[in-house]
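**Student:** turn this into a model:
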Amino acid sequence: MKILCIAISFLSWTSIFGNRIEVCPTCAFTTIEEAYKSCENGDTLEIKAGIYKIPNWKIQKSIVVRGEKNTHLISQSGEEIITVEKSNVTIQNISFSGVVTNYLKENAAIRVKRCKNVNILNNTIIDCFFAIYLERTKHTKVYGNTINGNKNNIDRTEAESGNGIHAWHCDSILIAQNDIMHHRDGIYLEFVNNSEMNDNRSHDNSRYGLHYMFSNDDSYRRNIIEHNGVGVAVMFSRRIIMTENTFAHNWGHAAYGLLLKEIYDAEISDNKFTENTVAIFVEGSNRINYLRNSFRKNGWAIKFSGGCESNKISNNDFLYNSIDLVVSSQLNNNTFNGNYWSEYTGYDLDNNKIGDVPHYPVKLYSYIHNQVPESVVLMRSLFVDILNFAEKVSPIFTPKDVKDDAPKMNSNL
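**Tutor:** Got it, this is the predicted structure:
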């Protein structure tokens with residue numbers, strides 16, 4: 001009876017975990033094509049260390065594809081390397097390269113098409129047009145990958161450079177702990193719902209670190225977005241949570257740490273915005289809570305354009321920005337409360353750590369600069385200081401309803 005139980009257990013284990021099939025010059029299978037033909041659902045195809053030039057490999061079986069250290073797949077013709085067309089597939093510990101620019105097809109090192117439960121883990125993708133492309137997938141995990149497009153991408157046109165991780169019409173995906181650089185957009189998401197982007201570093205990309213459109217009920221946590229053309233653009237989406245991210249060193253003529261356009265019912269909290277041209281640019285976005293964020297040494301901390309209502313800006317730190325706030329339209333019912341402003345010159349006679357007089361963050365110079373951008377050459381001049389002081393004493397141009405009635409005397413963070 002005991003032997004029978006052991007035999008049954010062994011058969012069950014092999015049916016669950018499948019067989020392990022090896023590929024190498026001295027193995028029973030010397031090519032990936034031969035090894036794949038022998039695979040059944042549930043098997044593991046293990047590719048030994050070495051360089052393998054392969055044509056487009058369509059995976060249509062539920063298998064694990066695993067590489068050893070120094071396992072390297074190169075596109076034989078510059079086309080796509082792996083196309084996953086079956087659910088329950090894992091690809092891990094493999095290096096990819098050699099997918100060239102194509103003006104008609106968005107070829108990728110790894111493409112996942114119309115399936116679910118796919119894991120792309122701990123791979124290295126170098127010098128490929130697109131690195132990872134998810135198309136109509138669900139419950140897919142992209143984790144721990146290193147993605148390096150090409151250091152010369154910064155000089156390429158947008159058509160010549162693809163995205164690091166590109167997701168289109170996906171649901172319930174996890175993109176976490178990836179390092180992405182030298183692509184057009186580090187991460188591009190379109191029609192992606194109920195998904196998480198956590199602990200990624202997206203940097204030195206020519207356009208956006210993260211570009212996000214028409215997607216709802218997603219969250220971004222603890223990502224580092226730095227040294228990109230623009231940090232993050234979030235457009236036409238609802239119920240977004242962005243928390244504990246770092247937006248840094250996104251400099252340029254039209255560079256933002258975070259660009260929000262027509263976003264509704266979102267929370268932006270506990271983020272760090274450091275040394276960006278504009279930390280946050282907001283247009284047509286309603287019911288957003290900006291909580292406990294740090295704005296330090298940016299050109300502009302927040303620029304509000306038209307059509308913004310019911311936004312709450314509270315318990316944030318505005319530290320040493322050239323301009324803390326620009327409001328280009330009516331305040332509507334947006335509120336500022338309990339923020340710390342390094343430029344606040346009020347007093348706290350009752351010693352409750354809240355200023356006794358309101359802070360008016362919109363300066364006359366910001367109004368002038370908005371009308372005449374060339375006036376930036378006067379930003380640090382005594383003339384501008386005199387203008388701002390005169391407007392503070394006898395306000396004419398700056399909106400007096402834009403104020404923080406309870407400015408903090410000490411940093412919130």
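
**Student:** so where's the stretch 301-413 of the chain shaky on pLDDT?
**Tutor:** Along the stretch 301-413 of the chain, the model assigns pLDDT under 70 to residues 329-332, 363-400.

**Student:** for residue 263, which non-adjacent residue is closest in space?
**Tutor:** residue 285 (4.2 Å; CB to CB, 6 or more residues apart in numbering). Every C-beta, even on glycine, is put in place using the N, C-alpha and C of the backbone.

**Student:** hmm, residue 259 and the one you found touching each other?
**Tutor:** No: between residue 285 and residue 259 no contact is recorded; they are 10.1 Å apart, counting by CB atoms under 8 Å.

**Student:** distance of residue 404 relative to residue 327?
**Tutor:** Plainly put, residue 404 is 13 Å away from residue 327 if you go by CB to CB, to the nearest Å.

**Student:** which residues in the chain form helices?
**Tutor:** Per DSSP state H, the chain has helices spanning 2-17, 32-37, 364-371, 382-393. These are given in chain order.

**Student:** next up, the contacts around residue 238.
**Tutor:** By CB atoms under 8 Å, 6 or more residues apart in numbering, residue 238 lies in contact with 216-217, 263-266.

**Student:** mind listing what's buried along stretch 253-271?
**Tutor:** When burial is assessed from 16 or more other CB atoms under 10 Å, stretch 253-271 yields the following buried residues: 255-261, 263-271.

**Student:** ah, wrong one, I meant stretch 100-118
**Tutor:** Of the residues in stretch 100-118, those buried by neighbour count under the rule 16+ other CB under 10 Å are 101, 106-112, 115-116, 118.

**Student:** just checking, residue 89 touches residue 59?
**Tutor:** Yes: under the criterion of CB under 8 Å, residue 89 is in contact with residue 59, at a separation of 5.7 Å.

**Student:** overlap of the contact sets of those two?
**Tutor:** Shared contacts of residue 89 and residue 59, counting by CB under 8 Å, 6+ apart, come down to residue 65.

**Student:** partner strands of the biggest strand by length in the chain and their direction?
**Tutor:** For the chain, the strand that runs over the most residues, judged by DSSP state E, is strand 256-269. For strand 256-269, the pairing partners within the sheet under DSSP bridges are strand 230-238 (parallel), strand 241-243 (parallel), strand 278-283 (parallel), strand 286-291 (parallel).

**Student:** can you redo those strands as CSV with distance to residue 250 and mean pLDDT?
**Tutor:** Formatted as CSV, the strands paired with strand 256-269 follow (distance: least, CB to CB, whole Å; pLDDT from 0 to 100):
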stretch, distance to residue 250, mean pLDDT
strand 230-238, 4, 94
strand 241-243, 15, 97
strand 278-283, 9, 94
strand 286-291, 18, 95
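
**Student:** residue 85 is nearest to which of the ones you listed?
**Tutor:** When the strands paired with strand 256-269 are ranked by proximity to residue 85, the top entry is strand 230-238, at 28.9 Å, counting by CB to CB.

**Student:** now that closest one - C-alpha only, CSV.
**Tutor:** As requested, the backbone C-alpha atoms of strand 230-238 are provided in CSV (Å, rounded to 0.1, in the frame of the first residue of the first chain):
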residue,chain,number,x,y,z
VAL,A,230,9.0,63.9,-19.5
GLY,A,231,8.5,61.9,-16.3
VAL,A,232,5.0,60.6,-16.4
ALA,A,233,1.9,61.5,-18.5
VAL,A,234,-1.4,60.2,-17.3
MET,A,235,-4.4,61.0,-19.6
PHE,A,236,-8.1,60.3,-19.9
SER,A,237,-8.3,58.0,-16.9
ARG,A,238,-10.2,57.4,-13.7
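
**Student:** measure the residue lying closest to residue 296 once chain neighbours are set aside to residue 168 for me?
**Tutor:** Nearest residue to residue 296, sequence neighbours excluded (CB to CB, 6+ apart): residue 319, at 4.5 Å. Relative to residue 168, residue 319 is positioned 39 Å away (CB to CB).
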